[in-house]
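> got a structure for you, letters missing:
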């Protein structure tokens, strides 16, 4: 099978492209790990917003119990589920951040 030979100019251009890509550390890490570089744009709410959702859920709960209104009960249920999901996400983020150095996976090591 014939191999395609690159001209010196093409080799120089290819080397410049490789050098430019090598300078992007997050790209190199993503390629080594096999994980996608960009996370989805949908982000869950932070701590303050989660606390605010919790307060709203508590207010809706009190109002729903006092009035026995089905729309208030459903509103409480929806807000409470969103609050729990956001809280669990914060807990996961916190626990990942506080792993010890020995337990934290290194980007240059393959998964075990």
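Yep, it's here. All of these numbers come straight from a predicted model, not from anything done at the bench.
> Surely residue 14 is in contact with residue 8?
No. Using C-beta atoms under 8 Å, residue 14 is not in contact with residue 8, being 10.7 Å away. All C-beta spots, glycine's among them, are computed from the backbone N, C-alpha and C.
> Start from the N-terminal end of the protein and give the helices.
8-22, 25-33, 47-67, 70-97 (DSSP state H).
> Check these for me: which has the lowest mean pLDDT.
Per-stretch mean pLDDT for those is lowest at helix 25-33 (a mean of 69).
> Find the nearest non-adjacent residue to residue 61, please.
Closest residue in space to residue 61, ignoring its immediate chain neighbours: residue 76 at 5.1 Å, by C-beta to C-beta, 6 or more residues apart in numbering.
> Share the number of residues neighbouring that neighbour, please.
By the measure other C-beta atoms under 10 Å, the count of residues near residue 76 is 20.
> Does it touch residue 60 like I think?
Yes. At 3.9 Å, residue 76 and residue 60 qualify as touching, with contact defined as C-beta under 8 Å.
> Now residue 69: phi and psi?
According to degrees, to the nearest 10, the main-chain angles of residue 69 amount to phi -90, psi 120.
> I'd like to know how many residues surround it.
12.
> OK, contacts around it?
Counting by C-beta atoms under 8 Å, 6 or more residues apart in numbering, residue 69 touches residue 63.
> That one and residue 16, how far apart?
67 Å (C-beta to C-beta, to the nearest Å).
> Looking at residue 14 and residue 8 now, which is surrounded by more residues?
residue 14 (11 against 7).
> What separation is there between the nearest residue to the more buried one once chain neighbours are set aside and residue 20?
The shortest distance from residue 14 to any non-neighbouring residue, by C-beta to C-beta, 6+ apart, is to residue 6 (6.9 Å). Distance, residue 6 to residue 20, using C-beta to C-beta: 18 Å.
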